[in-house]
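Undergrad: Need a 3D model of the following:
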Amino acid sequence: MMKNLLSKINNPTDLRKLPENQLPQLAKELRDFIIDIVSKKEGHLGASLGVVELTIALHYVFNTPEDLLVWDVGHQAYGHKILTERRAIFHTNRELNGISGFPKRSESIYDTFGVGHSSTSISAALGMALASQLKGEVDKQHIAVIGDASIASGMAFEGLNHAGVTDANLLVILNDNAIGIDPSIGALKDYLTAVKEGKNPKQNNIIKSLNFDYSGPIDGHDLPKLISELERLKSVKGPKFLHVITTKGKGLQLAEEDQVKYHAPGKFDAETGKIHPKDESHLPPKFQDVFGHTLVELAKQNEKIIGITPAMPTGSSMTYMMETFPKRAIDVGIAEQHAVTLAAGMATQGMVVFCNIYSTFLQRAYDQVIHDVALQNLPVIFCLDRAGLVGEDGATHHGVFDIAYLNCIPNLIIAAPKDEIELRNMMFTASEGLNHPIAIRYPRGRGENVNWKQPFEKIEIGKIKELKKGNKVAILSTGTIGDNVAKALTEVENPSLFSHYHFPFIKPLDVDSIKSIINSHDHIITIEDGVITGGFGEQISAILATNNLKKSIINLGIPDSFIEHGTVFELQQLCKIDVNHLKQLFNTYSDV
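TA: Reported below is the predicted structural model:
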């Protein structure tokens, strides 16, 4: 058999020239290529390995890019990228100025829709299919590939519900591997398991009931079967649904055996799959682990404490609570809107609810935060993990909008600890009972304190902390970006000029104390790891303007543009909020 097929394939046109019997060899090469690059460069591994055959079959059968292929989330799209003119630059995946880890319209004509959050593919592909109908493009195919965790989300059902009453040329492919990032949960997962095991009567088919032409389940690693079924479905009119069974991590034994760990494993040995060990014994903890351990600690003292997460138990470290108090920790699946309103419902009954949602995913439940929580002034405790710049996942995942989008909501307290100890104390204070909902935002990654597990102390809501006293320039920071300020201030030419104030609370603000700070300094600098527009700094600027305080002010943070992918350090440099840029800025005040 001819070797090294992949090196001769630059796009799907090349792929379609291969005889079908060579495709299994290509699948092996594609898997090896993904494993080789990701083992060195890091990224999402298991999802892409699971859909290698499906990816090849889709581009082999359909006339992409004229036929429109939409991937849900995009964790699984590495093979797609490699086959669509990006093999030579795939090693730049997730690097600054390299290709994105997710499908992106501006990157390739083959990336028909930008994705990153789950459950958007059916709606997007249906929109494309209805547009094609209106344009008279009757032969154009529209395919959405969605996972079993994503299809359980409300938005996916909204898309299915609408598609079922159209005659759109839409094919929904369910990539069913029983896992998202963590194992899939819920009644729909149980239903799909019954279908796979042949225990569900055909007349009970949910998808058929929604007016889809349902076929499957079929083996998603059987290329001949996939190709023949996709060829058949090309000529079937109206909405179609193909149920495909795959194994996440397929082709790398350790990735098949530990699908959670190998979702994004870091660097590993390409031959064995063994993850390169890191000595983390003397490092400060990850913020998510401080949250997870603290929640368990608090729950031991208060039986009314509940934890809720939308499909992120491992990423948020809610797993610790699930292991200790399984009935009081709830994974609701990919359902952020439901998570928030579920928390609100529990809060009406006196429960102390910690709802842990990544900052970028809380965007999906904005109405529920306003309408179901804040409007009713229910004391839900939102813990917003991955706030600020998250690094290599890029624009779809940066948690930089939360300060701005939460700031305008009445009744809501917004908090941003500067370190792990303050995070613990904020959680403790919230658990003791507040009269309002609170959002506590904290970053991805590690803190600064090895000895973080200190006795709990109650925090005064709205109180500002003076970290350093100077006489000319007041630097106002909120959250962990204050570390960069503190480090920069140890290196400036004239440190006595600078005061540094930490704002553990962005809302409410102590306006009298802020006015006093402004009046006792000549210049004000604000810094946050969120967007400047509508953010913390603009609140301070508004206080200056409203009170006619004529002092110079500079607001630092994330500029009014979407920030792409790179390391957190590189992206901080881009936004000029890294230690070096801050030091340069501070030194300009030495002569003022």
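
Undergrad: Let's see the particular helix or strand that has L58 in it as CSV, backbone CA atoms only.
TA: According to DSSP states H and E, L58 maps onto helix 52-61. What follows is helix 52-61, C-alpha atoms only, in CSV (Å, rounded to 0.1, in the frame of the first residue of the first chain):
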residue,chain,number,x,y,z
VAL,A,52,-10.8,11.1,12.1
GLU,A,53,-12.8,8.6,9.9
LEU,A,54,-15.9,10.9,10.1
THR,A,55,-13.8,13.9,9.0
ILE,A,56,-12.3,12.0,6.0
ALA,A,57,-15.7,10.6,5.0
LEU,A,58,-17.4,14.0,5.1
HIS,A,59,-14.8,15.7,2.9
TYR,A,60,-14.7,12.7,0.6
VAL,A,61,-18.4,12.5,0.0
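
Undergrad: ok, residues contacting it?
TA: Contact partners of helix 52-61, identified using C-beta atoms under 8 Å, 6 or more residues apart in numbering, comprise 12, 15-16, 18, 20, 23, 26-27, 30-31, 34, 64, 69, 79-80, 83-84, 143, 145, 173, 175, 220-223, 226-227, 230-231, 234, 244, 246, 250-251. In short, each C-beta sits where N, CA and C put it, glycine included.

Undergrad: Ok, stretch 284-296 next?
TA: With C-beta under 8 Å, 6+ apart, stretch 284-296 has contacts from 305, 307, 315-321, 324-325, 354, 356, 383, 385, 420, 423-424, 427-428, 442-450, 452-453.

Undergrad: what do you get for stretch 205-218?
TA: 160-161, 163-165, 172, 174, 176, 188, 191, 195-196, 225-226, 229, 233, 236, 238-245.

Undergrad: Filter the contacts of helix 52-61 down to just the buried residues.
TA: Taking 16 or more other C-beta atoms under 10 Å as the criterion, what is buried in the contacts of helix 52-61 is 12, 15, 18, 23, 26-27, 30-31, 34, 64, 69, 79-80, 83-84, 143, 145, 173, 175, 220-223, 226-227, 230, 234, 244, 246, 250-251.

Undergrad: Next one: the residue nearest the centre of the chain from T360, what distance?
TA: Central residue of the chain (C-alpha atoms, centre = their mean): H397, 4.4 Å from the mean position. Going from H397 to T360 by C-beta to C-beta, to the nearest Å gives 5 Å.

Undergrad: Overlap in contacts, these two.
TA: With C-beta under 8 Å, 6+ apart, H397 and T360 have common neighbours R386, V390.

Undergrad: Now do the helix or strand that comes right after the helix holding L58: distance to the chain's middle.
TA: The element immediately downstream of helix 52-61 (helix or strand, assigned by DSSP H and E) is strand 68-71. Centroid separation for strand 68-71 versus its chain: 20 Å, with C-alpha atoms, centre = their mean, to the nearest Å.

Undergrad: quick one: strands adjacent to strand 68-71?
TA: Looking at strand 68-71 with DSSP bridges, its partner strands are strand 142-147 (parallel).

Undergrad: Flag every buried residue along the following helix or strand past the partner strand.
TA: Following strand 142-147 in sequence order, the next helix or strand is helix 154-163 (DSSP H and E). Of all the residues in helix 154-163, those buried under the rule 16+ other C-beta under 10 Å are M155, A156, F157, G159, L160, H162, A163.

Undergrad: could the residues you listed be laid out in a markdown table, adding pLDDT and distance to A149?
TA: A markdown table is the format used below for the buried residues of helix 154-163 (pLDDT from 0 to 100; distance: C-beta to C-beta, whole Å):
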| residue | pLDDT | distance to A149 |
| --- | --- | --- |
| M155 | 96 | 13 |
| A156 | 97 | 10 |
| F157 | 95 | 13 |
| G159 | 98 | 15 |
| L160 | 97 | 15 |
| H162 | 98 | 21 |
| A163 | 98 | 20 |
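
Undergrad: Which one of the residues you listed is nearest to G530?
TA: Set against G530, the nearest of the buried residues of helix 154-163 by C-beta to C-beta is M155 (25.5 Å).

Undergrad: Neighbours of the nearest residue to the closest one once chain neighbours are set aside, how many?
TA: Once flanking residues are discounted, M155 sits nearest to S119: 4.4 Å by C-beta to C-beta, 6 or more residues apart in numbering. For S119, the count of nearby residues is 25 (other C-beta atoms under 10 Å).

Undergrad: correct me, but K240 touches D167?
TA: No - using C-beta atoms under 8 Å, K240 makes no contact with D167, being 11.4 Å away.

Undergrad: more neighbours, the two?
TA: The residue with more neighbours, out of K240 and D167, is K240; 23 against 13, by other C-beta under 10 Å.

Undergrad: Which strand residues bridge the more buried one?
TA: Here K240 sits in beta bridges with L171, D213, going by DSSP bridges.

Undergrad: lowest-confidence helix or strand of the protein?
TA: helix 187-196 (a mean of 88; mean pLDDT, DSSP states H and E).

Undergrad: And the contacts of it?
TA: D148, I151, A152, L174, D176, A178, N200, N205, I206, P217, H243, I245.

Undergrad: Buried residues of that helix, list them for me.
TA: Per 16+ other C-beta under 10 Å, helix 187-196 contains these buried residues: L188, K189, L192, V195, K196.

Undergrad: Switch these over to JSON lines; also include distance to F287.
TA: Formatted as JSON lines, those follow (distance: C-beta to C-beta, whole Å):
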{"residue": "L188", "distance to F287": "32"}
{"residue": "K189", "distance to F287": "30"}
{"residue": "L192", "distance to F287": "34"}
{"residue": "V195", "distance to F287": "40"}
{"residue": "K196", "distance to F287": "38"}
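
Undergrad: All good on my end, thank you.
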